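Novice: Got a predicted model here, sequence first, then my questions.
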Amino acid sequence: MTAVTRRLAMAILNGFDAFFAEYKNITLGAQARFEAADWQGAQKAMRARLDLWKQKRAIVAEAAYTITGGSVEDRDNWEVAKQEYAELIQNHDNFEIAQSFFNSIYCTVFNHEKIREQHTFALVPMEHRGPIDSESILHRYHFGGNNAAEIISRMLDNCEFNIPWEDKSRDIDFILNVVNDELIPRIPKGSGDIWVETLESLFFRNKAAYLVGRVYSGRFSLPFVLPILHTEENAIYVDTLLYDPDDISILFSFSRSYFMVDASIPSEYVAFLRRLMPHKEVFELYNALGMPKHGKTEFFRFAVADTINSAEPYVIAPGIKGMVMLVFTRPDFDYVYKVIKDRFTPPKEMTRDHVKKCYSLVKRWDRGGRMADTQEFNNLAFDRRRFSDELMAELYKEAPSLVEENGNVLILKHVYIERKMVPLNLYLKECDEQQLYSVMDEYGKAIKQLAAGNLFPGDMLLKNFGVTRHGRVVFYDYDEICPLTDCNFRRLPEPKTEEQAMATHPWYEVKPEDVFPEEFRLFFSGNQKAKKVFDELHSDLYDPDYWRDLQDRISQGYVADVFPYRKKQRFQQRADGNNSLSD
């Protein structure tokens with residue numbers, strides 16, 4: 001151990017603690033923003049919190065150069081600094097996130113090259129990876145049969161809001177009806193006493209607060225969530241009670257932006273959430289809690305372990321090949337790898353930097369349940385022997401600048417990783433009439449909810465949308481995405497001459513920001529059955545006035561209500577909910 005490596009380790013830990021303190025301070029303002037209905041402030045806070053890691057990383061990386069006296073790229077120093085750091089964080093409440101911060105500083109210094117376990121916490125032994133469990137973050141209530149209303153009332157009081165309930169007694173009655181009709185009958189007879197647990201901190205996102213908990217008796221456990229919304233009269237109310245595991249899973253979906261949760265030790269919350277959703281991976285839950293950088297570390301560990309346990313090769317992903325991205329996967333892996341091509345297929349004319357900015361925009365935007373989250377990696381190493389010949393030929397054809405081979409090691413210099421979905425155009429080939437109707441409705445809702453969040457997808461071809469296991473339609477191709485307010489929605493000019501009418505190219509001036517909604521019908525070329533259903537459900541999207549009206553509202557400060565459950569699940573249809581876009 002040396003004085004230099006000790007100071008380096010301490011500087012990195014100080015940087016992490018500074019990051020986490022500011023992360024907590026932004027998060028602690030979530031309830032006040034909710035109570036004040038400061039929706040634009042909530043969006044700004046979300047983006048500011050996402051920027052913190054990068055800001056602190058830059059400060060600490062610069063300090064590392066000073067501390068090491070110019071020897072910051074001596075990997076022997078980093079091997080020792082890692083050992084020093086491991087001792088410093090041994091009893092740290094958030095040691096696992098602190099490890100990711102160390103990794104991030106190392107990757108910044110070495111430009112993501114030669115990431116080895118001896119220098120970083122890339123692969124942590126299993127005994128150190130599990131989230132910490134704690135009872136201190138829970139409110140627990142004993143359900144005695146006749147005290148249900150009292151328990152519900154105490155649950156709501158323990159939220160400690162500083163604005164009044166619109167009608168607390170009414171909300172308790174709504175909840176009680178669902179408890180008696182749906183939850184209690186599910187509990188096996190003779191399983192023992194019934195208990196209710198709720199997390200002490202609320203989950204804030206978009207224009208809602210969520211109280212998360214579970215009902216359990218013996219080995220039986222059922223998750224539940226109470227979404228709490230804000231009225232125009234500055235009061236609050238419970239909108240519904242979610243208890244179906246699929247509904248809970250959708251709430252924490254990869255297609256939604258991150259929650260604001262006052263979690264001093266995030267691993268405690270991850271541990272509880274895994275009880276509610278055992279099928280969710282650890283990295284998914286860290287992402288949901290607004291820790292995407294540590295989520296990236298956990299995903300890397302997950303992907304390495306999954307790959308070791310698989311014999312399947314990497315192959316080109318099914319579907320129509322993209323003009324901008326080369327996409328590959330393993331048949332037994334739930335994720336796809338996306339590589340930006342060196343040259344784009346005409347008529348695509350943007351640059352690689354433009355595409356990367358689009359993906360960065362999506363990361364920092366409210367995804368509203370309609371855009372897939374991504375993990376971005378530089379210099380990602382693979383086993384070359386696992387790549388099919390067809391895929392290797394495609395990589396060298398489409399993105400040679402990003403490919404590097406060294407024996408059996410294949411390095412891709414820049415990769416996005418995204419949840420695998422069934423491309424909508426392929427789904428339509430196999431679905432029945434009922435599924436067709438449902439998925440076309442979903443497709444239209446996806447476009448409308450993206451637009452309500454001030455995002456225009458650009459290229460809305462069916463192949464650019466995917467269908468999840470829940471039957472939801474999610475957008476995943478971001479190279480043409482932009483703020484809706486940057487677009488100029490126009491009607492197609494009427495031709496005045498026969499030459500104009502017969503022209504194969506526009507005879508009128510078209511600027512880059514011009515959009516002609518009447519042309520959206522072309523997205524269904526080759527699938528008239530799908531077009532007919534879409535026309536029935538969402539023909540308003542062909543009207544430029546629909547888009548202009550939405551632009552005007554957004555410019556005036558409108559923030560859409562986009563809730564992760566069906567409108568029919570709400571306790572009541574409210575006058576102040578007319579602008580909501582429930583799934």
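Specialist: Yep, that arrived.
Novice: Any idea what Y314 is bridged to?
Specialist: F387 (DSSP bridges).
Novice: That one: how many residues sit nearby?
Specialist: Neighbours of Y314 under the rule other CB atoms under 10 Å: 22. C-betas here are computed from N, CA, C, even on glycine.
Novice: any idea how far it is from P493?
Specialist: For Y314, the distance to P493 equals 48 Å [CB to CB, to the nearest Å].
Novice: Then K429?
Specialist: 36 Å.
Novice: of those two, who's got more company?
Specialist: More crowded of K429 and P493, by other CB under 10 Å: P493, with 12 against 8.
Novice: Would you mind giving me the confidence score for the residue nearest to that one when sequence neighbours are not counted?
Specialist: Leaving aside its chain neighbours, P493 sits nearest to Y508 (4.8 Å; criterion: CB to CB, 6 or more residues apart in numbering). At Y508, the model reports a pLDDT of 87.
Novice: same question, D583
Specialist: D583 carries a pLDDT score of 60 in this model.
Novice: residue contacts, I265?
Specialist: Applying CB atoms under 8 Å, 6 or more residues apart in numbering to I265 gives the contacts 93-94, 132, 134, 137.
Novice: can you give me how far stretch 366-375 is from the chain middle?
Specialist: The chain centroid and the centroid of stretch 366-375 are separated by 4 Å, computed with CA atoms, centre = their mean, to the nearest Å.
Novice: got the end-to-end distance for it?
Specialist: Here the two ends of stretch 366-375 are set 16 Å apart, with distance taken as CA to CA, to the nearest Å.
Novice: mean confidence for it?
Specialist: For stretch 366-375, mean pLDDT is 90.
Novice: and if you look at stretch 105-113?
Specialist: For stretch 105-113, mean pLDDT is 89.
Novice: and the lengthiest helix in the chain, what does it pack onto?
Specialist: Scanning the chain for the helix with the most residues, using DSSP state H, yields helix 39-67. Contacts defined by 3 or more CB pairs under 8 Å, 6 or more residues apart in numbering; DSSP states H and E place helix 39-67 against helix 3-28, helix 30-35, helix 95-109, strand 260-261, helix 352-364.
Novice: Can you list the buried residues in it?
Specialist: Neighbour-count burial for helix 39-67 flags 39, 42-43, 45-46, 49-50, 52-53, 56-57, 60-61, 63-64, 67 (criterion: 16 or more other CB atoms under 10 Å).
Novice: who's in contact with the closest residue to A42 other than its chain neighbours?
Specialist: Leaving aside its chain neighbours, A42 sits nearest to R33 (4.8 Å; criterion: CB to CB, 6+ apart). By CB under 8 Å, 6+ apart, R33 lies in contact with 39, 41-42, 45, 204.
Novice: residues in contact with F523?
Specialist: 460-462.
Novice: okay, who's weakest in those by pLDDT?
Specialist: M460 (87).
Novice: From C487, how far off is that residue?
Specialist: From M460 to C487 the distance is 13 Å (CB to CB).
Novice: ditto for E135
Specialist: From E135 to C487 the distance is 51 Å (CB to CB).
Novice: what's in contact with the worst-scoring helix or strand of the chain on mean pLDDT?
Specialist: The helix or strand of the chain with the lowest confidence, counting by mean pLDDT, DSSP states H and E, is helix 498-502 at a mean of 84. Helix 498-502 has contacts (CB under 8 Å, 6+ apart) with 495, 507.
Novice: So, low pLDDT: which residues of the stretch 101-250 of the chain?
Specialist: Scanning the stretch 101-250 of the chain for pLDDT under 70 picks out 125-133.
Novice: Please enumerate the strands of it.
Specialist: Along the stretch 101-250 of the chain, counting by DSSP state E, counting those that start in this stretch, strands occupy 138-143, 194-199, 203-205, 208-217, 220-230, 236-238.
Novice: Where does P493 fall, secondary structure wise?
Specialist: Using DSSP states H and E, P493 sits within no helix or strand.
Novice: Just give me the neighbour total for V315.
Specialist: By the measure other CB under 10 Å, the count of residues near V315 is 16.
Novice: quick one: it from L410, how far?
Specialist: Here the criterion is CB to CB. By it, V315 lies 14 Å from L410.
Novice: same thing with W39?
Specialist: 46 Å.
Novice: can you check Q31 too?
Specialist: The gap separating Q31 from L410 is 48 Å, by CB to CB.
Novice: now F475
Specialist: 30 Å.
Novice: repeat for S221
Specialist: 44 Å.
Novice: Of these two, give the one with the bigger neighbour count.
Specialist: L410 (20 against 15).
Novice: Report the next helix or strand after the helix or strand hosting that one in sequence order.
Specialist: Using DSSP H and E, L410 sits within strand 409-419. Going down the chain from strand 409-419, the next helix or strand is strand 422-423, by DSSP H and E.
Novice: re the thing from before, how far does the longest helix of the chain sit from the chain's center?
Specialist: That offset, for helix 39-67, works out to 19 Å (CA atoms, centre = their mean).
Novice: Check which element follows it along the chain.
Specialist: Using DSSP H and E, the next helix or strand after helix 39-67 towards the C-terminus is helix 75-88.
Novice: Rounded mean pLDDT for that following helix, please.
Specialist: 93.
Novice: list the buried ones in that helix?
Specialist: Within helix 75-88, the residues that count as buried by 16+ other CB under 10 Å are 77-78, 80-82, 84-86, 88.
Novice: okay if I get these as CSV plus distance to T198?
Specialist: Converted to CSV, the buried residues of helix 75-88 look like this (distance: CB to CB, whole Å):
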residue, distance to T198
N77, 47
W78, 43
V80, 45
A81, 42
K82, 39
E84, 40
Y85, 36
A86, 35
L88, 35
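Novice: Closest one of these to S555?
Specialist: Nearest to S555 among the buried residues of helix 75-88 is Y85, at 48.6 Å by CB to CB.
Novice: The closest one reaches G15, doesn't it?
Specialist: No: contact criterion CB atoms under 8 Å: Y85 and G15 do not qualify, at 11.4 Å.
Novice: contacting residues for Q40?
Specialist: Neighbours of Q40 in contact, by CB under 8 Å, 6+ apart: 557, 559.
Novice: related to what we said a few turns ago, any idea how far the least confident helix or strand of the chain is from the middle of the chain?
Specialist: Between the centre of helix 498-502 and the centre of its host chain there is 47 Å, according to CA atoms, centre = their mean.
Novice: which is the next helix or strand following it?
Specialist: strand 514-515.
Novice: Regarding G466, which helix or strand does it belong to?
Specialist: Assigned by DSSP H and E, G466 falls within strand 465-467.
Novice: what's next to that strand, contact-wise?
Specialist: Outside strand 465-467, the residues within contact range by CB under 8 Å, 6+ apart are 372, 421-424, 427, 439, 442-443, 446, 473-476.
Novice: and if we set it to 6 Å?
Specialist: Residues external to strand 465-467 that are found in contact with it (CB atoms under 6 Å, 6 or more residues apart in numbering): 421-424, 427, 473-476.
Novice: got it, and stretch 347-355?
Specialist: By CB under 6 Å, 6+ apart, stretch 347-355 touches 323-324, 340, 479.
Novice: what mean pLDDT would you report for whatever helix or strand A530 lives in?
Specialist: Assigned by DSSP H and E, A530 belongs to helix 528-538. Averaging pLDDT along helix 528-538 yields 93.
Novice: Tell me which residues of the helix or strand just after it come out buried.
Specialist: Once the chain leaves helix 528-538, the next helix or strand it forms, by DSSP H and E, is helix 544-555. For helix 544-555, burial by neighbour count (16+ other CB under 10 Å) applies to 544, 546-547, 550-551, 554.
Novice: before we move on, what about stretch 10-25?
Specialist: 11-13, 15-16, 19-20, 23.
Novice: Can you add distance to F520 and pLDDT and give those back as JSON lines?
Specialist: Output for the buried residues of stretch 10-25, formatted as JSON lines (distance: CB to CB, whole Å; pLDDT from 0 to 100):
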{"residue": "A11", "distance to F520": "54", "pLDDT": "97"}
{"residue": "I12", "distance to F520": "51", "pLDDT": "97"}
{"residue": "L13", "distance to F520": "53", "pLDDT": "98"}
{"residue": "G15", "distance to F520": "48", "pLDDT": "98"}
{"residue": "F16", "distance to F520": "47", "pLDDT": "98"}
{"residue": "F19", "distance to F520": "44", "pLDDT": "98"}
{"residue": "F20", "distance to F520": "45", "pLDDT": "98"}
{"residue": "Y23", "distance to F520": "41", "pLDDT": "98"}
